[in-house]
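In: prediction below, plus the sequence it came from.
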Amino acid sequence: MMKTYSAILCLISLVCLIASRADAVEVYQTSAAFVQEAFPGEKPMAKAIWLTGDLKDRVAKVLGHAYRGLRVRYWALGDRTVWILEEIGKVEPITLGVAIQAGQIEEVKVLTYRESRGWEIRFPVFMNQYRGAWVDSNAKLDRKIDGISGATLSVRATTRLARLALALDREVEQTGAATQSKAP
């Protein structure tokens, strides 16, 4: 009888754990919708910047670890670029959309949030701190970003991605290092 009770309790706990993980993923906006919003007219073709050599090292310095891909896709038209990037908050990736105009952040949005805590970063009152931000040659932001109690790791991940998007935007502007991607 005790074994049956324990087995049922374990099964209920497993179902609750799986259900809570499924509920933790919040998609606030798709990547395609973010890109379309940034380019309301004609959506440009996706491009890619390869993370090799010195650029790979600089990206790792911004993130504090190596980027998990070999290239980063982005969209560009005129002096505007849009980046869809992911970074681990505490244990799960946070997907951000970053729009940059003339080397300054125009908008940062949480597109998908998978962590159980720290979701408060998605609110405009927090994200508006990044508007107009730019980075120096060492990829350091021109301003201090105020944190949110209980969302420290998500705030740090967001700031790292904002710095990364600005550094990559600068790289594209200075070197024109990009290739057309086959997928739009």
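Out: Sure thing, it's come through.
In: what's the first helix or strand after the worst-scoring helix or strand of the chain on mean pLDDT?
Out: Across the helices and strands of the chain, mean pLDDT, DSSP states H and E gives its lowest value to helix 2-24, namely a mean of 55. Of the helices and strands lying after helix 2-24 in sequence (DSSP states H and E), the nearest is strand 26-27.
In: tell me the strands beside that next one, with direction?
Out: Strand pairing for strand 26-27, using DSSP bridges, gives strand 104-113 (antiparallel).
In: state the mean pLDDT of the helix or strand following the strand it pairs with.
Out: Counting by DSSP H and E, the next helix or strand C-terminal to strand 104-113 is helix 124-127. Average pLDDT, helix 124-127: 96.
In: tell me where this protein has strands.
Out: Shown for the chain, the strands assigned by DSSP state E span residues 26-27, 46-50, 71-77, 80-88, 93-101, 104-113, 179-180.
In: looking at the ones you listed, which is closest to Arg156?
Out: Of all those, it is strand 80-88 that lies closest to Arg156, at 8.8 Å by CB to CB. In short, each C-beta sits where N, CA and C put it, glycine included.
In: so for that closest one, mean pLDDT?
Out: For strand 80-88, the mean pLDDT works out to 97.
In: numbering from 36 from now on, please.
Out: Will do, 36 is the new start, and the previous item becomes strand 115-123.
In: show me what that strand is in contact with.
Out: Contacting residues not belonging to strand 115-123 are listed as 66, 69-70, 73-74, 98, 107-111, 128-137, 141, 146, 192-193, 195-196, 199-200, 203-204, 207 [CB atoms under 8 Å, 6 or more residues apart in numbering].
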